[in-house]
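# Compute the structure for the input listed below.
(one chain, ligands or ions: 2)
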Amino acid sequence: MLITAARVVVTSPGRNYVTLIIDTDEGIRGIGDATLNGRELAVESYLRDHILPLLIGREANRIEDIWHYLYKGAYWRRGPVTMTAIAAVDVALWDIKGKAAGMPVYELLGGAARNGVMVYGHASGSDFAELGDDFRAHLDLGYKAVRVQSAIPGVDKTYGIPAAGAYYEPASSALPQEDSWESTSYLDFAPRLFEFVREEFGFGVHVLHDVHHRLTPIEAGRLGKSLEPYRPFWIEDPTPAEDQSAFRLIRQHTTTPIAVGEVFNSIWDCQQLITERLIDYIRTSVSHAGGITHLRRIFALAELYGVRSGSHGAGDLSPITMAAALHVDLTIPNFGIQEFMGHTPQTAEVFRHGYTFTDGLMHPGSAPGLGVEFDEDAAAAFPYNPKYLPVNRRLDGTVHDW
Ligand code: CS2
Ligand code: MG
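Numbers count the residues shown, from 1 in each chain. Ligands and ions are numbered 1, 2, ... in the order given. Alright, predicted model coming up:
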């Protein structure tokens, strides 16, 4: 089966998504997610101008060969743009392979190793009352795990807090909005946040929290120690992820589980964190870490060191990535948890998917391939809408990690 055509569609059903479509001479089509929040057009160009011409005439079933051809053949390796583009090709080829075999992708990956995929949702609030309502709403939906984020007294426009009941989208402005941050206020506040949640909802539900890259290593050690009485499922991205050896210092001070990896795009980004057991969950995603092919290598390495998966699943990863993630999550032995932030209603018009949520567990469905159909006519109704992620500044104006 030969690749005959490939093209990229940028659409914005509530937020921007970049979708790769690959067609073959047997009439089977595959789709991949090439979305990189705030840098969508960079990936679109990398695919359109440098990758897609190389795919025409190649055998669609040779997924591994194509992966290495695109990775090693570029000379300039790794990075979020390159690896998101390679990921989109990889996922589209797995979609084609599943459709050609008449099987869901998870069957090609070794079959189901569990009945369903435990997911966590996002609860947030501008105060504890609002947070409590959102948390309770997630419990009512059947979630067994909930991430909690709250506004920090004295710090305006911090991460993860939408208007009450609104869908959270951080890339919200045509030029970067400036958020604010102060670690001292946060470190004093975080234990109170967890105290509220545990007093209100008890210890029968997993509670997660995203620090979002903002602390120094010793601050992260202090945070982890202060939260130990409240038993977090994990604290996520406590410090900038690229400084892997910093996690040795954090580990010296706390047993609170740590999750890192949504900004990583290759196994080499997390090799030290995994092999030195500096983290407990690796959050690399199908769409930003080289696709299904490379993500399985990362999870296989992690399994050797007792590190479990906890893949990124924010709304800026399209339903194609959510579906592909569920196929992988269903089959790996060291599955931990899967983020599921959900998508806007308009997104469901464009990406018609077959995955399901039942009592806190998700399943990709049994349709051949990924189980997602991309509606190009619906997509055309939502033209690209340039958006940037925020830039963060401390209260004295210093640029800080967002
Ligand atoms: C966040 C993401 O869901 C998470 O864990 O870190 O929502 C992140 O802020 C966005 O994906 C950035 O585009
Ligand atoms: Mg995160």
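# what's near enough to touch the nearest residue to residue 80 once chain neighbours are set aside?
In space, residue 80 comes closest to residue 265 once its chain neighbours are excluded; the distance is 5.2 Å by Cβ to Cβ, 6 or more residues apart in numbering. For glycine as for every other residue, the C-beta is placed from the backbone atoms N, C-alpha and C. Applying Cβ atoms under 8 Å, 6 or more residues apart in numbering to residue 265 gives the contacts 78-80, 82-84, 284, 288-290.
# again, only using 6 Å
80, 83, 288-289 (Cβ atoms under 6 Å, 6 or more residues apart in numbering).
# same check, this time on residue 345
Neighbours of residue 345 in contact, by Cβ under 6 Å, 6+ apart: none.
# Please identify the helix or strand for the spatially most central residue of the chain.
Closest to where the C-alpha atoms of the chain average out (Cα atoms, centre = their mean) is residue 312, at 2.2 Å. For residue 312, there is no host helix or strand (DSSP states H and E).
# my guess is it contacts residue 285, does it?
Yes - Residue 312 lies in contact with residue 285 (Cβ atoms under 6 Å); the separation is 4.1 Å.
# quick one: common contacting residues for those two?
Common contact partners of residue 312 and residue 285 (Cβ under 6 Å, 6+ apart): none.
# quick check: longest helix of the chain.
In the chain, assigned by DSSP state H, the helix with the most residues is helix 80-101.
# how far does the first helix or strand past it going along the chain sit from the chain's center?
Remark: after helix 80-101, the chain's next helix or strand is helix 105-108, criterion DSSP H and E. On the basis of Cα atoms, centre = their mean, to the nearest Å, helix 105-108 sits 21 Å off its chain's mean C-alpha point.
# The helix or strand following helix 105-108 near ligand 1 at all?
Using DSSP H and E, the next helix or strand after helix 105-108 towards the C-terminus is strand 117-125. No - using Cβ under 6 Å from any ligand atom, strand 117-125 never reaches ligand 1; the gap is at least 7.1 Å.
# Output the contacting helices and strands for whatever helix or strand comes next after strand 117-125.
The first helix or strand that comes after strand 117-125 along the chain, using DSSP H and E, is helix 128-141. Packing contacts for helix 128-141, counted by 3 or more Cβ pairs under 6 Å, 6 or more residues apart in numbering; DSSP states H and E, involve strand 117-125, strand 145-150.
# could I get those strands as TSV with mean neighbour count and mean pLDDT?
Converted to TSV, these look like this (neighbours: other Cβ atoms under 10 Å; pLDDT from 0 to 100):
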stretch	mean neighbour count	mean pLDDT
strand 117-125	23	97
strand 145-150	24	97
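# got a markdown table for the ones you listed, with distance to residue 377 too?
Listed next are the helices and strands packed on helix 128-141 as a markdown table, based on distance: least, Cβ to Cβ, whole Å:
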| stretch | distance to residue 377 |
| --- | --- |
| strand 117-125 | 30 |
| strand 145-150 | 35 |
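# out of those, which comes closest to residue 308?
strand 117-125 (11.1 Å; Cβ to Cβ).
# The closest one - contacts with which helices or strands?
Contacts defined by 3+ Cβ pairs under 6 Å, 6+ apart place strand 117-125 against helix 128-141, strand 145-150, helix 319-331, strand 361-363.
# Next, the contact list for whichever residue of the stretch 251-400 of the chain sits closest to ligand 1, please.
Closest contact between the stretch 251-400 of the chain and ligand 1, by Cβ to the nearest ligand atom, is at residue 314 (3.4 Å). Residues near residue 314 by Cβ under 6 Å, 6+ apart: residue 341.
# where does it land on pLDDT?
Note for residue 314: predicted pLDDT of 97.
# can you check residue 154 too?
At residue 154, the pLDDT value in this model is 84.
# Report the contact partners of the residue in the stretch 1-150 of the chain that ligand 1 sits nearest to.
Residue nearest to ligand 1 within the stretch 1-150 of the chain (Cβ to the nearest ligand atom): residue 37, separated by 3.4 Å. Going by Cβ under 6 Å, 6+ apart, residue 37 touches 171, 316.
# Okay, now stretch 392-402: how far is its last residue from its first?
Distance between the two ends of stretch 392-402: 5 Å, counting by Cα to Cα, to the nearest Å.
# Check which residues of it are buried.
Across stretch 392-402, burial judged by 16 or more other Cβ atoms under 10 Å covers 392, 400, 402.
# Let's see which of those end up in strands.
Cross-referencing these against strands under DSSP state E gives 392, 400.
# and the lowest-mean-pLDDT helix or strand in the chain with ligand 1, contact?
The helix or strand of the chain with the poorest confidence is strand 178-181; it has a mean of 92 (mean pLDDT, DSSP states H and E). No - for strand 178-181, no contact with ligand 1 is found by Cβ under 6 Å from any ligand atom; the gap never falls below 11.2 Å.
# Next, the angle helix 128-141 makes with whatever helix or strand comes next after that strand.
Next along the chain after strand 178-181, taking DSSP H and E as the criterion, comes helix 183-201. If you take axes from the mean of the first three to the mean of the last three Cα atoms, to 10 degrees, helix 183-201 sits at 50 degrees to helix 128-141.
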